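Novice: starting from these lines, generate the structure:
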Amino acid sequence: MPLSTHEMSTLNILYKFILRVTNEKKQIGKLFIDPPRGSKPFKTSYFSPKKFIVTNNHVEGYQLLTLQPKSPDQPAKGHIFFLHGGAYVLEPTPQHRQLVKELVVKYRFTCTYFDYPLAPENDFEKTNNY
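Specialist: Numbering: from 1, shown residues only. The predicted model follows:
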């Protein structure tokens, strides 16, 4: 069941309080200054061939992974081009991988994930070409 506006507002106030008390805001800021690299949560081996049809391509060295539900009797409901969050700085997380798995298996969508170039290693010009 979705949260009401009041519940969301209350959670937002609580979240801000926790960040202030625990000093996590500085830690989150450090993520954007010196972002971690190399997690690669979208390896093809993470997706079972029993549940997925996996197509792995590369565009100028960046991964383009398409996952389809593996069930010929039930076609996919649609196609989602999945871009993880992270403000072009943070890599995708295992939670993003889990979301894509659920979109494919549980909700029967085909998902294409693109491992786009991240800042600060890449600038706007490189990213804009995609």
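
Novice: gap between the spatially most central residue of the chain and residue 39?
Specialist: For the chain, residue 84 is the residue whose C-alpha lies nearest the centre (C-alpha atoms, centre = their mean; 3.1 Å). According to C-beta to C-beta, to the nearest Å, residue 84 stands 11 Å off from residue 39. To be clear about C-beta, it is placed using only N, CA and C from the backbone, and glycine gets the same treatment.

Novice: also residue 73?
Specialist: 36 Å.

Novice: re the thing from before, spatially, what comes nearest to the residue nearest to the centre of the chain if we skip its sequence neighbours?
Specialist: residue 92 (3.8 Å; C-beta to C-beta, 6 or more residues apart in numbering).

Novice: and the one you found, what does it touch?
Specialist: Residues in contact with residue 92 (C-beta atoms under 8 Å, 6 or more residues apart in numbering) are 39, 41, 42, 84, 86, 113, 115.

Novice: for ChimeraX, what selects the buried ones among those?
Specialist: Buried members of the contacts of residue 92 can be picked out in ChimeraX with the line below, counting by 16 or more other C-beta atoms under 10 Å:
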select :41,42,84,86,113,115
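
Novice: pLDDT, secondary structure and distance to residue 58 for the contacts of residue 92 - can I get that in TSV?
Specialist: Below are the contacts of residue 92 laid out as TSV (pLDDT from 0 to 100; DSSP: H, G, I helix; E, B strand; the rest coil; distance: C-beta to C-beta, whole Å):
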residue	pLDDT	secondary structure	distance to residue 58
39	70	coil	18
41	63	coil	17
42	79	coil	12
84	85	coil	18
86	75	coil	20
113	91	strand	13
115	84	coil	9
